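# What would the 3D arrangement of this be:
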Amino acid sequence: MDNNVQDNGGFLWGLLGFCIPVVGLILFLIWKDQKPKTAKAAGIGALVSVIIGVVSYILIIALGVGSAMMLGM
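Predicted structure coming up:
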């Protein structure tokens with residue numbers, strides 16, 4: 001590991017990973033050895049984004065099915 005590389009785990013990398021999960025995953029894979037803290041921040045941001053997306057998708061489907069059943073469709 002190069003001692004000149006800063007690895008502060010920056011919040012902005014996590015935010016970038018959250019906003020663009022594919023970029024967060026790529027950054028995680030590229031930096032996991034050189035910058036483990038920063039890679040972890042980007043990876044966690046991407047993971048949280050994907051989990052929130054899946055949960056919201058499931059909730060939308062459940063609400064749609066529930067409301068259709070209540071309306072007798």
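# what about the closest residue to D7 other than its chain neighbours, how many residues close to it?
If you skip the residues right next to it in sequence, D7 has K35 as its closest partner in space, 4.3 Å away by C-beta to C-beta, 6 or more residues apart in numbering. C-beta: built from backbone N, CA, C; applies to glycine. Per other C-beta atoms under 10 Å, the neighbour tally for K35 reads 23.
# The one 5 residues further on now?
The tally of other residues near K40 (other C-beta under 10 Å) stands at 18.
# about what we covered before: so the residue nearest to D7 versus G43, what's the distance?
Per C-beta to C-beta, to the nearest Å, K35 is found 11 Å from G43.
# what comes up buried for the lengthiest helix in the chain?
When the chain is parsed with DSSP state H, its longest helix is helix 36-70. Buried residues in helix 36-70, counted by 16 or more other C-beta atoms under 10 Å: 38-47, 49-50.
# what about F11, distance to V55?
Applying C-beta to C-beta to F11 and V55 gives a distance of 23 Å.
# hmm, I was thinking of K35
Between K35 and V55 the computed distance is 29 Å (C-beta to C-beta).
# still on that earlier bit, what average pLDDT does the longest helix of the chain get?
For helix 36-70, mean pLDDT is 94.
# And that helix, what does it pack against?
Applying 3 or more C-beta pairs under 8 Å, 6 or more residues apart in numbering; DSSP states H and E, one finds that helix 36-70 contacts helix 11-19, helix 21-31.
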